Structures are given as C-alpha cells and as structure tokens.
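Enquirer: Show me the folded form of this:
(2 chains)
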Number of protein chains: 2
Amino acid sequence: MHFLAQQSFLLENLNIVERVVPVRSPLQIIKGILVEAKDNTLSFTANNLEIAVKAECRDVEILEEGVVVLPGKLVDIVRQLPSEKLEIKTDEEGLRMEIFSGQTKFFLYGMNADEFPVISAEEEWKNWGKLVFASVDLKNIIKKVIFAASQDESKPLFRGVLIEVDSEENITCMASDTYRLAHNNILTGKKHNVQPLRMLIPSKSLFEIMRILDDSREKVELYYLDHELIIKYRQFIFSGRLLEDKYPNFTDAFPAESSTKIVVNTGLLEKTLGRAALFAQGPNQMISLSIQDKTMQIRSGSEIGRMSEDLSLLKKEGSDLEEILLNCRYFSDPLRVVDEEYVEIEFNGPFGPCIFYCHRKQDDLQEIYRYLVLPIKIDKKEN
Amino acid sequence: MHFLAQQSFLLENLNIVERVVPVRSPLQIIKGILVEAKDNTLSFTANNLEIAVKAECRDVEILEEGVVVLPGKLVDIVRQLPSEKLEIKTDEEGLRMEIFSGQTKFFLYGMNADEFPVISAEEEWKNWGKLVFASVDLKNIIKKVIFAASQDESKPLFRGVLIEVDSEENITCMASDTYRLAHNNILTGKKHNVQPLRMLIPSKSLFEIMRILDDSREKVELYYLDHELIIKYRQFIFSGRLLEDKYPNFTDAFPAESSTKIVVNTGLLEKTLGRAALFAQGPNQMISLSIQDKTMQIRSGSEIGRMSEDLSLLKKEGSDLEEILLNCRYFSDPLRVVDEEYVEIEFNGPFGPCIFYCHRKQDDLQEIYRYLVLPIKIDKKEN
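Expert: Coordinates of the predicted model:
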C-alpha cells in the first residue's frame, strides 16, 4: 500500500471511525482500524462487533493498492503530524506502515487484515428494504425520542428506539424506559403504498448514527434486513445489529381525554425546572407542581432549602390541579429537544399521566410529537 | 440581614469563593459559605481549614446588617436566578435566608456563624512582613515553576513552592519533585536593603491564588508571619498556611559548565515532543534524544510503533550527544510556560542533568529562568 493524502482530509474521516474502536476487547484485531486502498478509494473501517463504521475517502492519490489493520492510535498520530501533506506506505511484507510528514517519520506495526470482521458488501444490501430521509429530518425525528430510552442493562428491549413506517410512509419513532414514553409521528402526506416496517435500533447505535448525520438536506439511505441495519450517508457507511422486536404496544398509553390542559413558554419552563432541580433530591428527583387559574406553581425542597416559583400560563383549559409529584429530569427532558416556543401539557389529576404535545407543519410534512411521563406515587408524608 | 444586589456581581465573587468549599468534611459548618453584611460591605468567605478565601462586595445595598453561614449550593442558586435584581433577607431568627428574584423564591437553611473559622483580621496582618507585586508579574513568576512541584502526598516538602526575597529585593521562586527543578530568578535592580525572607507555599494554595490574580498590573499585597500567608488582591483576601521550610539547598544543582549547548525553536520542539509522547510509554514516558551537528533527533517507541523526527537547531556549541533518555513530559513541561520564541538547552552527556535556560529583560527587571531535568538511567537493553 502506498498513497498520498491531506492530513485534514484523513482526520475528518478517522475522527468518525475511531469512535467505534473498542477501548477494551479480548479480540486484538478489532482494536485496530482496517485501512484499504483500492480502486482509487482509501477506506477506514472500525468494527466493535455491535457497530461498524466505514469511511471512504476518494480524494487520495493511491500509488499502490493494499490492505492492513493499523492500531487505533493512527488517528492521534495523524492529528499531530506537522504538515498537511502525508505520504503513507507499507514495507515489503505489507504490515509495517510508514508515515512521512515534514521531518517526521512514524512506523506503525499493522496486523493482517484477513481476520478483521467485514461489513456486508453494498451489492448485498442494495436489495434489502430501503428508506430514504433528508439528514436533518432523520436527526430531528430521532433526537426527540432517543433520550427517553432506558440506560438500564437489565432492560435490553427498552434500550432500543422503535422506528415504524406504515404503508403510507408515515414514520413513527418511539422510545420508553417504562416511566416515560416519547413518541414522534411524521405524516409525510405521501400515498406510495410502501411495505410497512418496524425496527428496533439500540439507542447506542443511534447515537453514533447521529454523529454521522448533519443538518443538511442530503439524502440518508437506510437499508435493513432481518436483524441488520445499514446506513449510508455521504462517505460513511454504518452497520449495526437490530434488537429483536418484542416492543410492547404503547399506542393506548396516551389518554384520549385530559382533565387539565395548559400552554406554556418552553424556555421559561425549562429554566424554572433548572432551578427546581437544585433542590430535587434522591433517585426520584422529586418536584411538586400545582395549577391554579392561569398560574403554575413549581416547588422543590431538600434538607438545605426550598424553592417555589410561579409561572404564568399562556392558556389553561379544564380544572385546576391540586398537586402532582414529578421527576424533575423526566419532566424537563423534552423541553431541551422541542424547537417550538410554546408547548402544550395535559394533566390527568395527581396520579394520571402527564403529556407534552407539540405539533409542527412544514411543507407537506406534519410532525406530531407526544411525550408521556408518569407521576411519582408515594405517600407524601414520607418526604 | 437584608440586602439588594445584582446577580452577575454576586456571582463573580461567589465563583471564586466556592472553589475553596470542601466537597467532603466531617465538619458541617465549613461546607457552608459565611455571608456577612456590615459597614456597607457584603462579604463571602469559604474556609477549608487549609485555605480560606474572602470576597468583599461593596456595590450592594445593605438594608439590615447580619451574618449567617449558607450552604455552598448558594452559588448554583444565584447562577440560575431569572433576574439580575436580587433581594435577599433572613427571617426573624436570622438563620433562614430568603432569596427573591423575579417570580422565584428560594429558602436556604443557614447555620449559626459563631463556629465558622475566621481569617486573621486586617489590623493584625497589616503589621506582618509584606511584599508587593504587580498581579501579572506574580502570576508569571509562579506559573514557570509551579508545575514542577511534586503531586506525591508522601513528599509534603516537595509539594511546596519556595519563594525567596534577598536583601536587594531579588525574587527567587523554586519548585522540584526531586526528578526535576524549576528555578525562576527576578532581579529587580532595586537596592532597598529589605529584610530577606523565605517561605514555602503549598502548590495547592498557589493554584487558588493564581485564580484570583489576573494579567493586570494592579498591586497584589502579600503578608506573612510565621506559618501564615495572606494575599490581598482587588476585593479578594486569601489566607493559607505555609509549609515548614526545610527545603534543601538546590543552588548547586545547576552545573557551571556543560558539554553541549543548543538553541531551538520553543514551539517546534513542543510539537515534536507531542508526537514523541504518542509512543512514550510506561511510568517513565521514555523518549530518546541525540544531537549530531546542527540536528537533534528525537525518537520513541512502543509495542504498536515508533516515531523518529529530526529537528534543526538554530545554534549548537560543544560536542555531539550520542543518546540521552528522558521523560517526555518532564522534558516538555517548561516549553508550555516560557514565552520566548527560542530556548537554550544544555546537556552534560547521557547521564548528566539537562538544563533549559531562558533570559528576559523588561524595563529594570531581569528574569533568569532555569529548569533542570535528570535523564533516565536504565539499562537500555531492558527496553
């Protein structure tokens, strides 16, 4: 292998790929990065057996083809090279890599690429089920639900995010840790009569996918078959395993009616909850909320002090709400991800679920975002 | 206690003070911040029994005097208040503090201030020994040596930085962890015939002092008596204990002669060492350095690869240097703190000390900075 390349260009690609390299693994080979030079394309692949990411760089002058697995440290080396211009070549056995830049010479001991786990070839997945999104849209759909997925290792199912597409290409994205549920529904307004699909993607994988995506309207291609997902975006190919879909049917979780309905400024509520969080203690991070007329009062207290704040509501329908106890973080999480200036919140008494609701129309698309959080049910005297 | 104040103004002071509040302490009272309102001055004090910092705020409207110890969390609360204008007052017993800002009300449970450890009063230390610096100068003197102080709990003496002033007001600042020694000498050119002094300040305290200081030429007053040090700068008063001065005499450590003397670009050497560090492994972080003609070659190697880089020297006197083994971090640390474009380095063969040397003249001041590092003495076959 022998090629000439720009430092900044390699770095841009290695920075994405190296995130997937596992810090610890009994399998030595996957702690490296697969480097392939062929057909005028230089590619880097990392694979931690759960997720693989490949970056294909075409602006590289390949003088001799080849393939080798290099230590993950490659990215640190490229980052610190003194000159933009790099020359990289392997020795005769093709395993020792020499990196030249300015007055600096690096040697990296490579490994034989034969045992590096491969990503399914493009010819294969080009025939799988396929979805296409604009990058910014896919990011937006995911961002609004991903935080609600469980971090709990003992609940593998709930560590996933469910993506569903119905026959009319309406997309639903859903995540829950069983205490709360985020649900984002995009009505595309198309009538393509496509094949319906459901897939449960580990949220860990989705976080990596989010890093590859950007806020452009460039096309993201999503391919899936059985338990595998491939995402192709710009020069990147992502591959990850899907979770077995035994996701419960949550569609009935959102109540049809509600006893109290308010509209409140998103940013102001977020700031108020930030202050309430200062005294929201314990694993429940409990705060108390009550609504009287067009005012919402938020309170919290711990052994060092208490806070109390009145927030004016833009609108209120239904009855007052005497007192509901909520997990402060669960209640404020959706406010960080919605872009709307105002959010609608529905309550169902002190023990019923509380629902955030945002609605957005853009061109032909219509987005209906709902987030449900269950109140804390404890004997208040305990606190 | 009752006062009106601006949020940003309180925050600026609390941010400095809160750093001293201990995270853990069996003594409840010192986990709080002493708040005093009297004589048109509001002051905040934190004291972790090793270091105390007091901030005095004069732009505050005091409606009622008082004193109370509030939880360290006070700073988080003030940081998140919705409005610039604050009203703060205690209840009748003077222990529960109410904070009003916009629609937000906070209550903080305070503690009786009687048991809070006090800083010696100004009337006391006004009669102690005294030194005066421009803030930027003091910062500069300390910055160049403090990194060389030991972090090792078992070497309390070497966790200190020695400051010496001789009868002609020449200042010396020194720190060592016994593997290396940083020595900064400021010749003030004055002939005041002042009282000579030596004090050994814990580097931990100096880091806090560095945070209070800024790059202005405003006066810093430094008072000392026996084992205590007081620093007064702007609205801040710092108080800390001194270490018992049994600091060894290091003056002879710097050899009078050297076998090799080079001048090299500071920034280029720092970057080269950054790359060498990528392969400098083990507790010694060993790199190898050799000098031939006007070229310095730096090399390092680990089980994943090797680096080698040639650096052109601006000047070289004396003999070539076959090979010296150095701790990469120890060798590069001084390059981060010197401001000069070029640095002079002297070597004394592969086993003799290696010395960095910088010289600066500014107005009447003359600064002579020396940094000594000992080479690694091991049987090279081991590596």
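Enquirer: Find the closest residue to chain B in the stretch 101-250 of chain A.
Expert: The stretch 101-250 of chain A approaches chain B most closely through residue A:108 (4.0 Å), counting by CB to the nearest CB. C-beta coordinates here come from the backbone N, C-alpha and C atoms, glycine included.
Enquirer: Isn't that residue up against residue A:70?
Expert: Yes. Proximity of residue A:108 to residue A:70 meets the contact threshold set by CB atoms under 8 Å, at 5.3 Å.
Enquirer: burial measure for residue A:368, as a count.
Expert: Counted by other CB atoms under 10 Å in any protein chain shown, the residues lying close to residue A:368 total 16.
Enquirer: Neighbouring strands - and their directions - for the helix or strand containing it?
Expert: Assigned by DSSP states H and E, residue A:368 belongs to strand A:365-373. Note on strand A:365-373: by DSSP bridges, its sheet partners are strand A:180-187 (antiparallel), strand A:354-362 (antiparallel).
Enquirer: Quick one, which of the ones you listed gets closest to residue B:358.
Expert: Closest to residue B:358 of these is strand A:180-187 (CB to CB; 58.3 Å).
Enquirer: which residues sit against the closest one?
Expert: Strand A:180-187 is contacted from outside by A:137, A:141, A:144-145, A:147-148, A:170-176, A:250, A:253-254, A:330, A:333-334, A:365-374, using CB atoms under 8 Å, 6 or more residues apart in numbering or on different chains.
Enquirer: Just the buried ones from the residues you listed, in ChimeraX syntax?
Expert: This is the ChimeraX syntax for the buried subset of the contacts of strand A:180-187, where burial follows 16 or more other CB atoms under 10 Å in any protein chain shown:
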select /A:137,141,144,145,147,148,170,171,172,173,174,175,176,254,330,333,334,367,368,369,370,371,372,373,374
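Enquirer: Below-threshold pLDDT in the stretch 51-200 of chain A: ranges please.
Expert: Residues of the stretch 51-200 of chain A meeting the criterion pLDDT under 70: A:192-193.
Enquirer: repeat that for 50
Expert: Filtered on pLDDT under 50, the stretch 51-200 of chain A yields no residues whatsoever.
Enquirer: show me where it has helices.
Expert: For the stretch 51-200 of chain A, the helices defined by DSSP state H, counting those that start in this stretch cover A:74-79, A:122-125, A:135-146.
Enquirer: With distance to residue A:40 added, can I get the ones you listed in JSON lines?
Expert: Output for the helices of the stretch 51-200 of chain A, formatted as JSON lines (distance: least, CB to CB, whole Å):
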{"stretch": "helix A:74-79", "distance to residue A:40": "20"}
{"stretch": "helix A:122-125", "distance to residue A:40": "16"}
{"stretch": "helix A:135-146", "distance to residue A:40": "26"}
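Enquirer: and these as CSV, adding distance to chain B?
Expert: What follows is the helices of the stretch 51-200 of chain A, written out as CSV (distance: least, CB to the nearest CB, whole Å):
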stretch, distance to chain B
helix A:74-79, 6
helix A:122-125, 31
helix A:135-146, 24
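Enquirer: and of those helices, who's closest to residue B:244?
Expert: In terms of CB to CB, the element of the helices of the stretch 51-200 of chain A nearest to residue B:244 is helix A:74-79, at 43.6 Å.
Enquirer: Show me which positions of the closest one end up buried.
Expert: Neighbour-count burial for helix A:74-79, counted by 16+ other CB under 10 Å, picks out A:74-75, A:77-79.
Enquirer: distance of the residue lying closest to residue A:297 once chain neighbours are set aside from chain B?
Expert: Counting by CB to CB, 6 or more residues apart in numbering or on different chains, residue A:290 is the residue found nearest to residue A:297 once chain neighbours are left out, at 5.0 Å. Plainly put, residue A:290 is 14 Å away from chain B if you go by CB to the nearest CB, to the nearest Å.
Enquirer: Just the angle for the helix or strand containing residue A:290 relative to strand A:354-362, thanks.
Expert: Assigning secondary structure by DSSP H and E places residue A:290 in strand A:286-292. Counting by axes from the mean of the first three to the mean of the last three CA atoms, to 10 degrees, strand A:286-292 points 70 degrees away from the direction of strand A:354-362.
Enquirer: other SSEs contacting strand A:286-292?
Expert: Applying 3 or more CB pairs under 8 Å, 6 or more residues apart in numbering or on different chains; DSSP states H and E, one finds that strand A:286-292 contacts helix A:266-277, strand A:295-301, strand A:321-327, helix A:328-337.
Enquirer: Just put the ones you listed in CSV and tack on distance to residue B:261 and mean pLDDT.
Expert: As requested, these are arranged in CSV below (distance: least, CB to CB, whole Å; pLDDT from 0 to 100):
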stretch, distance to residue B:261, mean pLDDT
helix A:266-277, 59, 96
strand A:295-301, 66, 97
strand A:321-327, 67, 96
helix A:328-337, 59, 96
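Enquirer: Return the list of strands paired to the strand holding residue A:290, each annotated with direction.
Expert: Strands that pair with strand A:286-292, judged by DSSP bridges, come out as strand A:295-301 (antiparallel), strand A:321-327 (antiparallel).
Enquirer: what's the pLDDT at residue A:382?
Expert: On pLDDT, residue A:382 comes in at 48.
Enquirer: Okay, domains of chain A per the record?
Expert: Taking automatic domain parsing as the domain assignment, the ranges for chain A are A:2-115, A:122-251, A:254-382.
Enquirer: how about those in a markdown table, adding distance to residue B:296?
Expert: Listed next are the domains of chain A as a markdown table, based on distance: least, CB to CB, whole Å:
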| stretch | distance to residue B:296 |
| --- | --- |
| domain A:2-115 | 10 |
| domain A:122-251 | 39 |
| domain A:254-382 | 52 |
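Enquirer: Quick one: name the residues of chain A near chain B.
Expert: Proximity of chain A to chain B (CB under 8 Å from any CB of the partner chain) is limited to residues A:71, A:73, A:76-77, A:80-82, A:103-109, A:271-272, A:274-275, A:278, A:303-312.
Enquirer: Could you pick out the buried ones from these?
Expert: The neighbour-count test (16+ other CB under 10 Å) marks A:71, A:73, A:77, A:80-81, A:103-104, A:106-108, A:271-272, A:274-275, A:278, A:304-309, A:311 as buried among the residues of chain A next to chain B.
Enquirer: Residue B:220: which of the strands paired with strand A:286-292 is closest?
Expert: Closest approach to residue B:220 among those (CB to CB): strand A:295-301, 42.0 Å.
Enquirer: and the angle from that closest one to helix A:266-277?
Expert: Between strand A:295-301 and helix A:266-277, the angle comes out at 30 degrees (the same axes, to 10 degrees).
Enquirer: Would you mark the buried spots in strand A:295-301?
Expert: Within strand A:295-301, judged by 16+ other CB under 10 Å, the buried ones are A:296-301.
Enquirer: sorry, back to before: using PDB, write out every CA atom in the strand holding residue A:290.
Expert: The C-alpha trace of strand A:286-292 is given here as PDB (Å, rounded to 0.1, in the frame of the first residue of the first chain):
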ATOM      1  CA  MET A 286     -39.000  14.900  43.000                       C
ATOM      2  CA  ILE A 287     -40.600  18.300  42.400                       C
ATOM      3  CA  SER A 288     -44.200  19.300  43.100                       C
ATOM      4  CA  LEU A 289     -46.400  21.100  40.600                       C
ATOM      5  CA  SER A 290     -49.800  22.700  41.000                       C
ATOM      6  CA  ILE A 291     -52.000  24.800  38.800                       C
ATOM      7  CA  GLN A 292     -54.500  27.400  39.900                       C
END
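Enquirer: That strand versus helix A:328-337: what angle between them?
Expert: 70 degrees.
Enquirer: residue contacts, residue A:50?
Expert: Contact analysis of residue A:50 by CB under 8 Å, 6+ apart lists A:202, A:204-205, A:240-241.
Enquirer: What does it show for phi and psi?
Expert: phi -100, psi -40 (degrees, to the nearest 10).
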